[in-house]
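In: After the sequence you'll find the predicted model.
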Amino acid sequence: MRELDAIITEYERLKKSGTGCVLATVVHVEGSSYRRAGARMLIDEFGNITGAISGGCLEGDALRKALLALHQQKNKLITYDTSDEDDAVIGAQLGCNGIIQVLFEPINYDDHLNPCELLKLIITRNEPVAVLIQFNLNKTKVQPGTSLVINKDLEKTGKYPEKDIFKKILEHSETVLKNNNSDFLEYGFGEETSHVFIQNYQPPVKLIIVGAGNDAQILAQQAELLGWDVIVTDGRPTHANKERFTSSCQVIVSKPEKTLENIEIDNRSCFVLMSHNYNYDLAVLKLLLDKNEIPYIGILGPKKKYQRMLDDLSDEGFELKEGFLDKIHAPVGLEIGAETPAEIGLSILAEIQMVLTGKSARSLRDKETPIHEKKNNRFQKVLTYDSKFTRS
């Protein structure tokens, strides 16, 4: 289960029991940190935590801040400066070299547009959206919080920001969804400034495993740990059944030529052909030839198997376009010395992650720049008035 799904499941349970809770969200990071902007956790009034905003080093202090926000029923922005080795704020000498802004929002169950209700909406829709979170680095100012969800058609759900900034936010939200990157805005009136984190939310990766052998079981378990949606399809009911796979995994018994009949394909649907049956894999590959939205197709087996598939497709008159061939990874996986089913699963999932994020899969120690690009964390000044008078 993904972290966000777990948070919303817990939110529903707390709401039903009337237990108070606070949503904590990392809204900005300067420098290094374990989690980036958009990480969330839910804290209930008894101190139970779902999700995480760090590798575990901030959660203790964050719990106390959350309970304070809950007691005061007021949004609060807290700064964690982990660049100070002699840190006296957190008291843990974290040394992560980052300044982390965390927004705490007490949840009002009577508000049908509260932050958790908006998050529930985005996981229900299962589409890319921009999530608008307003805050102010001046902690004495009002912290509006998670307020609006915008999809690629610019349909909006939530509470609208000030009309002065709304048009700019819409423009940047459109860019966020187009470029698949989150954005940070700063706007102000005179010396007063406010900030906006526009989070680029993407639905989970959909992994379709063709083949339900023992190796597919392990791959499905590993993908589930990543929070991916997993579908397993095979023609053998003795292998493709719910008893052999986790409860959240969708299992389909199907002839190869009907594999796609019950699968909704989108631009985050990744296929791995690993039935250990040449004809079955080939039949499914034929179905994928005109599915331009698919970003990744992995084929288990040696290169000569893949070449045989290409030859057979060509002999049957199928046109193999270069763009389509670029999506095929055969043999599937990264070269990491994988031998066991679990190691092979790791190499496959790492390759899919590499493709989806457009990264190189090199060692981070060989990277000369910071792990995360600094330019992606900078606030863009989008609107400034000399005084409030000029707004009218």
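Out: Arrived safely. Residues are numbered from 1 along each chain as shown.
In: Can you check the pLDDT for residue 366?
Out: Note for residue 366: predicted pLDDT of 89.
In: How many neighbouring residues does it have?
Out: Residue 366 is flanked by 7 other residues according to other CB atoms under 10 Å. Where you see a C-beta, it was placed from the backbone N, CA and C, and this is true even at glycine.
In: show me what contacts it?
Out: The contact partners of residue 366, taken as CB atoms under 8 Å, 6 or more residues apart in numbering, number zero.
In: That one and residue 360, how far apart?
Out: Distance, residue 366 to residue 360, by CB to CB, to the nearest Å: 9 Å.
In: ok, now residue 234?
Out: Residue 234 is 33 Å from residue 360, by CB to CB.
In: who has more neighbours, the two?
Out: Taking neighbours as other CB under 10 Å, residue 234 and residue 360 compare with residue 234 leading, 25 against 9.
In: got a list of what that one touches?
Out: Here residue 234 is in contact with 210, 211, 212, 216, 240, 252, 253, 254, 275 (CB under 8 Å, 6+ apart).
In: The first one: how many residues sit nearby?
Out: Neighbour count for residue 210, taken as other CB under 10 Å: 30.
In: Just the pLDDT for it.
Out: pLDDT at residue 210 comes out at 97.
In: heads up, I number from 349, so please use that
Out: With 349 as the first residue, the last one maps to residue 558.
In: Is it in contact with residue 629, as I believe?
Out: Yes. Using CB atoms under 8 Å, residue 558 makes contact with residue 629 at a distance of 6.5 Å.
In: what residues do those two have in common as contacts?
Out: Common contacts of residue 558 and residue 629 (CB under 8 Å, 6+ apart): 621, 622, 623.
In: Look up how far residue 726 lies from the nearest residue to the last one once chain neighbours are set aside.
Out: This means residue 623. In this structure, residue 623 finds its nearest non-sequential neighbour in residue 559, 3.4 Å apart by CB to CB, 6 or more residues apart in numbering. Using CB to CB, we find residue 559 at a distance of 46 Å from residue 726.
In: of the two, who's got more company?
Out: Between residue 559 and residue 726, residue 559 has the larger neighbour count (other CB under 10 Å), namely 24 against 13.
In: Could you pull up the residues touching the more buried one?
Out: Counted by CB under 8 Å, 6+ apart, residue 559 has contacts 580, 582, 621, 622, 623, 624, 625, 628, 629, 648.
In: Per-residue pLDDT of the residue nearest to the last one when sequence neighbours are not counted, please?
Out: In space, and not counting its chain neighbours, residue 648 is closest to residue 622: 3.9 Å by CB to CB, 6+ apart. Reported pLDDT at residue 622 in the predicted model: 97.
In: Same check on residue 594?
Out: Reading off the model, residue 594 has pLDDT 78.
In: State the distance from it to residue 677.
Out: 25 Å.
In: What is the neighbour count of residue 359?
Out: Neighbourhood size, residue 359 [other CB under 10 Å]: 23.
In: Kindly state the beta-bridge partners for residue 645.
Out: Beta-bridge pairing of residue 645 under DSSP bridges involves residue 619, residue 676.
In: isn't it right up against residue 636?
Out: Yes. In this structure, residue 645 is within contact of residue 636 by CB under 8 Å, at 6.0 Å.
In: So which of the two has more stuff around it?
Out: Neighbour count, other CB under 10 Å: between residue 645 and residue 636, residue 645 has more, with 24 against 21.
In: how close does the more buried one get to residue 630?
Out: Counting by CB to CB, the gap from residue 645 to residue 630 is 12 Å.
In: mind checking pLDDT for residue 735?
Out: 45.
In: actually residue 432, not the one I typed
Out: Reading off the model, residue 432 has pLDDT 65.
In: Got the domain ranges for the chain?
Out: 351-549, 554-712 (the TED database).
In: Looks like residue 614 contacts residue 641 (just checking).
Out: Yes. Taking contacts as CB under 8 Å, residue 614 lies within contact range of residue 641: 6.1 Å.
In: Just give the number of residues close to residue 354.
Out: Neighbour count for residue 354, taken as other CB under 10 Å: 15.
In: Please disregard the earlier target; I meant residue 497.
Out: 22.
In: quick one: it is in a helix?
Out: No. Per DSSP: H, G, I helix; E, B strand; the rest coil, residue 497 lies outside any helix segment and is strand.
In: Now do the same contact list for it.
Out: Contacts of residue 497 by CB under 8 Å, 6+ apart are 466, 469, 470, 477, 478, 479, 480, 504, 505, 506.
In: same question, residue 730
Out: With CB under 8 Å, 6+ apart, residue 730 has these contacts: 513, 516, 520, 533, 534, 535.
In: Looking at it now. What's its pLDDT?
Out: At residue 730, pLDDT is 79.
In: Quickly find the element holding the nearest residue to it once chain neighbours are set aside.
Out: Nearest residue to residue 730, sequence neighbours excluded (CB to CB, 6+ apart): residue 516, at 4.5 Å. Counting by DSSP states H and E, the element that carries residue 516 is helix 511-527.
In: Report the distance from that helix to the chain centre.
Out: Centroid displacement of helix 511-527 relative to its chain, using CA atoms, centre = their mean, to the nearest Å, is 20 Å.
In: buried stuff in it?
Out: Residues 513, 516, 517, 518, 520, 521, 524, 525 are the ones in helix 511-527 that count as buried (16 or more other CB atoms under 10 Å).
In: What is the nearest of those residues to residue 500?
Out: residue 525 (5.0 Å; CB to CB).
In: can you map out the strands along the stretch 349-498 of the chain?
Out: According to DSSP state E, counting those that start in this stretch, the stretch 349-498 of the chain carries its strands in the segments 369-379, 388-392, 397-399, 424-429, 446-454, 477-483, 493-499.
In: The second one pairs with which strands?
Out: Partners of strand 388-392 in the sheet, by DSSP bridges, are strand 369-379 (antiparallel), strand 397-399 (antiparallel).
In: tell me the mean pLDDT for the last one?
Out: Pointing back at strand 397-399 there. Mean predicted lDDT for strand 397-399 stands at 96.
In: Tell me how far that strand lies from the chain's centre.
Out: Chain-centre distance of strand 397-399: 16 Å, with CA atoms, centre = their mean.
In: Appreciated, that's everything.
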